[in-house]
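Chemist: this one's structure only:
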């Protein structure tokens, strides 16, 4: 009896324990089924079950593992947070985190476990019901992400699964339905599908790109609007024991994609299998034997067309290049520095020593695709019989390398996505007509003495459309350069010739470097940041072009130059000007050309060496401080060696050349001012020595000891200048020459002084308010049509030669004071204290004029 009671108690205790365990499990099950939300970012391991809302993009970072338990419902909602996630799919970079629709991005691990009788649904409508159709983005598996889905239904997504990078995906007993594309495999992704269904997609059930692979076993792919499976590029698809039915095309093989088919059932498709026949390339022997390519051609190793042979390619042919070469050939090209190997080790090259004839048509072009690394098509020899028509060539490296004296003819060719579409060197002379270059880093690179000819070609969205150096001399006629970083760039001694072309909306239009030059005629430049830019010692002839709404029409560096005639400038921010030197010399020696602009402050003597030129832009304001460093120059004055520089004052000494007011008349620049740092503070002035030259327009010089002092065989010209409050305005010595026109000279002890052989020509100017207006002492002066007024002495002639014609002398104490004869012709005298004083005696102006 006791034993029975003990056994009964034990049974009751066991039952109680079992009931407690059941209640605990039930409570746990109830807690797991409660609703949850996918966070925007998952960086550590997580589990989801029950109803889970996807309210925006979610990224599972590398190192994190997410488990979805059987029976879970993931319900997409309105996108509350969004990411940008660029991936290259095929030839395009796309944002795989689709704007406005939530996606799950997997860089780590995503797993969905299979439960008997329980299906995990991703994209299922919530309890209230939602709109039909595409409701979310899909699952993106990127980088080295891994996805394993078992017993899952994916619906209503832009793409059910998008696998890219080096990701791995396993789908077991998965149903993908009603998506834009059921599954995309791209880059180097690997996907395995077992016992699954992909159906009712708006485009394809499965799409493969690049080097990706998909292996499907015992699965169904049906009722997709376009292809059941589409494979492109070098992708690989394996179908084993699958049923593919009721698609527009069951299996569509393009490019050099491959398919391995075993025991599959294709039925009720618009077309079961669509695939181009492949043409296996074989090396050509030397001699006159030719080759014919048609259909699909796959290049797996270097291919040679020897001299005397011709490679002919029929219309509609598609050529696909492997990203690695099974057999390399060596080809060397002559360069200015010796022979250089131009074939690429490990990459496929096509070497044309004979001729190539591409017979594409407008409706059936020849397509040459190199989506991976590629060497180039090397064209050497004369190539006189080579012609390439209606060719579409896409790739990442170099397209054509044209060398020797090759004169191939390209017509209606399209070049896209290259680093360099065409490299032309040596003495090559290819011609391009109606060709299109787009999205290339460099569309055309031209070297050595190559002379290619481009007619009716278009260059769009390239880094550099045409770059050249050496002695290259290309021709461009009726071409279009649009939306490039740089349309044309020349360096070395290259000389491009461009006419009747359109250059529109580029950052840089034409850029010249070093000693390059160019002829630019009859073109239209519209809305470029810089239409024509010259740097270094470059030169350009610019004739009869139209410049409209450019940031800068023509911009030159200090050592550059142009020759321009007949151009029209309309609504440009600036028309034709020099670029300011970034770090100007503010004291010391200028040995190379410079351009000044804006505010300049000088604090020491400045020497412009012979051969150098200083240009000062309109609107420049120059202030001069006391000199911290002086140069010393001596000259013989009246037989006495004298220091001509001024200690403590800044002198600008010119052995080379100086030019101011360089903006053309159409520029709206202000005048140039040079004066002491503090009003009234003196400074030295401009001093010209040796063969120094000066050209001054629109300049105001104030408070100088001698505004302009000319020695030796120097020369200067002043136009529309103001010389004010200087001890001497212009002083000429030796064999120097100066022209003063449309100027005003005022407030000086001597406005103009010609001594010791210096010669000055003064016209259409005002000389007023000076102690002495014009001083002639051993030099020569010609003064015509000037107003000489309110001076103590209008003109003082001690020795030398003086000619005064048609001047007006007004209100001077003495109009002319002379010790020697001079030419006085048609001058007018008004209200002077004395008109003409000869050797201290007053002579009436009328009597002197009669003499």
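Modeler: In hand now; what should we look at? Since the structure is predicted, the reported quantities are computational estimates derived from the model, not experimental observations.

Chemist: Confirm residue 776 sits in a helix?
Modeler: No. Residue 776: not assigned to a helix; according to DSSP: H, G, I helix; E, B strand; the rest coil it is strand.

Chemist: Can you report how many residues lie near it?
Modeler: 25 (other Cβ atoms under 10 Å). Every C-beta, even on glycine, is put in place using the N, C-alpha and C of the backbone.

Chemist: Ok, residue 155 next?
Modeler: A count of nearby residues for residue 155, using other Cβ under 10 Å, gives 19.

Chemist: Which residues are in contact with the residue nearest to it when sequence neighbours are not counted?
Modeler: Among residues not flanking residue 155 along the chain, residue 123 sits closest, at 4.3 Å (Cβ to Cβ, 6 or more residues apart in numbering). For residue 123, the contact set (Cβ atoms under 8 Å, 6 or more residues apart in numbering) comprises 74-76, 135-136, 153-157.

Chemist: Please apply the same query to residue 354.
Modeler: 305-311, 381.

Chemist: Then residue 339?
Modeler: Per Cβ under 8 Å, 6+ apart, neighbours of residue 339: 332-333.

Chemist: Kindly indicate whether it is helix, strand or coil.
Modeler: strand.

Chemist: pLDDT score assigned to it?
Modeler: Residue 339 carries a pLDDT value of 80.

Chemist: measure it to residue 403 for me?
Modeler: 11 Å (Cβ to Cβ, to the nearest Å).

Chemist: Spit out the residues that contact these two alike.
Modeler: With Cβ under 8 Å, 6+ apart as the test, residue 339 and residue 403 both reach residue 333.

Chemist: so where is the stretch 701-850 of the chain shaky, pLDDT-wise?
Modeler: 840-850 (pLDDT under 70).

Chemist: Helices of that one, start to end?
Modeler: Applying DSSP state H, counting those that start in this stretch to the stretch 701-850 of the chain gives helices spanning 845-850.

Chemist: Residue 376 against residue 398, yeah?
Modeler: Yes. With contact defined as Cβ atoms under 8 Å, residue 376 reaches residue 398; the gap is 4.1 Å.

Chemist: now for stretch 66-83, what's the gap between its first and last residues?
Modeler: Length of stretch 66-83, first residue to last, Cα to Cα, to the nearest Å: 19 Å.

Chemist: Let me see the domain layout of the protein.
Modeler: 31-275, 278-453, 456-579, 590-739, 743-851 (automatic domain parsing).

Chemist: mind listing what residue 749 touches?
Modeler: 727-728, 770-772.

Chemist: Most neighbours among these, which one?
Modeler: Busiest of those [other Cβ under 10 Å] is residue 770, holding 28 neighbours.

Chemist: Show the contacting residues for the residue most central in space within the chain.
Modeler: The residue lying closest to the centre of the chain (Cα atoms, centre = their mean) is residue 485, at 2.5 Å. By Cβ under 8 Å, 6+ apart, residue 485 lies in contact with 462-464, 506-508.

Chemist: so which of the contacts of residue 354 is the most crowded?
Modeler: Counting neighbours by other Cβ under 10 Å, residue 305 comes out on top of the contacts of residue 354 with 23 neighbours.

Chemist: Against residue 440, how distant is that one?
Modeler: 25 Å.

Chemist: For the stretch 301-450 of the chain, give me the ranges with low pLDDT.
Modeler: 335-336, 371, 382-383.
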